[in-house]
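>>> quick one: sequence and predicted model below, then my questions.
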Amino acid sequence: MKTIKDVFLSFKDALNKLYDFHEIEAITLLVLEEITGFSRAKIKAFTNDDLPADASEKLDGILADLKTGKPVQYVLGTAEFYGLSFFVNPATLIPRPETEELVEWILKSAADSREPETGNLNILDIGTGSGCIAIALKKNLPNAAVTAIDISEDALQTAKKNAVINETDIKFNNVDILNKATHNSFPTTHFNIIVSNPPYVTLKDKLQMHINVNNFEPHTALFVPENDPLIFYKAITNFAAEKLIPGGLLFFEINEAFGKETVDLLKDKSFINIELRQDMSGRDRMVKAVKPY
Ligand code: GLN
């Protein structure tokens, strides 16, 4: 019989070349929560308890997968975001905590964006991936009409499943934001809020990236061409200038190296009240801008 403590020790041993101590502890907790169904608190408090037999059987396969560098969320097939659970797979980026901060900002701003007479709130998420932003918004703004688009049909399939398990009704469309010909494939023409966390990782960032990001996460969701790192921001800003209602809000997650450039881009397109915010690590990570009235 294996105890919970045995599992922590064997994970530490097996993963110490890939992750630091804190990461290994976090990974082990996620695995134990998933395979035992116990709470985090219970796992931490009862490390001398034996694992249930069926949980013990699953461990070897999971550990073998983790040793390849595969992120724990892909190994388990799920990730937490904004208190909700999402299916993830190599077609979708794993939701990041910085993006939860962006969702928080949007939710705080949403009340002011409703149309005064009707109370309508049309929201568009561009490059939705697992659907995490769109679904977290809809969950917290049940009366909003949320549309989510992505270039990847595989990502959209996953996002649709996530909408179902989280009991949210969202319109999904396959759209390539860089290709205008695909833009007319969704019925809503005007939005109160547009949000995007587009690809923004450059070659320079890629060289510093952990192998489990670079080897396992979808490159279409991460990387931008070296000669045009703001390619998605330019396309989305143009799109938003057309599709937002006057006074509508545009939110971006950004590469910390391009705060000023993103703000300048929005100014060039006449957006107003542009705000740049840092994430909890103090890095320039998100921008909010208003389409002029
Ligand atoms: N924040 C992600 C990372 O560091 C990148 C997300 C993105 O490119 N939109 O891997």
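Nice, I can see it.

>>> what's the span of stretch 181-191, first residue to last?
End-to-end distance for stretch 181-191, by Cα to Cα, to the nearest Å: 19 Å.

>>> with stretch 91-100 instead?
Per Cα to Cα, stretch 91-100 runs 20 Å from first to last residue.

>>> right, is that stretch up against the ligand?
Yes. Legend: contact between stretch 91-100 and the ligand by Cβ under 6 Å from any ligand atom is shown at Arg96. Using the backbone N, CA and C atoms, a C-beta is placed for each residue, glycine as well.

>>> what residues of that stretch count as buried?
Within stretch 91-100, the residues scored as buried using 16 or more other Cβ atoms under 10 Å are 91-96, 98-100.

>>> now find how far off-centre stretch 260-272 is within its chain.
Computed by Cα atoms, centre = their mean, to the nearest Å, the chain-centroid distance of stretch 260-272 equals 24 Å.

>>> got the contact list for it?
Applying Cβ atoms under 8 Å, 6 or more residues apart in numbering, the contact partners of stretch 260-272 are 230, 233-234, 237-238, 241, 250, 252, 254, 274, 276, 287, 289-292.

>>> thinking again about what came up before, which of the buried residues of stretch 91-100 lies closest to the ligand?
Set against the ligand, the nearest of these by Cβ to the nearest ligand atom is Arg96 (5.0 Å).

>>> who are the contact partners of the closest one?
Applying Cβ under 8 Å, 6+ apart, no residues qualify as near Arg96.

>>> let me see the backbone angles for it.
phi -110, psi 150 (degrees, to the nearest 10).

>>> nearest to Leu59, of the buried residues of stretch 91-100?
Nearest to Leu59, judged by Cβ to Cβ, of the buried residues of stretch 91-100 is Ile94 at 21.5 Å.

>>> in helices, which of the contacts of stretch 260-272 appear?
Among the contacts of stretch 260-272, the members found in helices (DSSP state H) are 233-234, 237-238, 241.

>>> by neighbours, which of those residues wins?
When these are compared by neighbour count (other Cβ atoms under 10 Å), Tyr233 ends up highest, at 23 neighbours.

>>> hang on, that residue packs against Glu253?
No. Contact criterion Cβ atoms under 8 Å: Tyr233 and Glu253 do not qualify, at 10.4 Å.

>>> ranges for the strands of the stretch 101-250 of the chain?
Using DSSP state E, counting those that start in this stretch, the strands of the stretch 101-250 of the chain run over 122-126, 145-150, 171-174, 191-196, 244-253.
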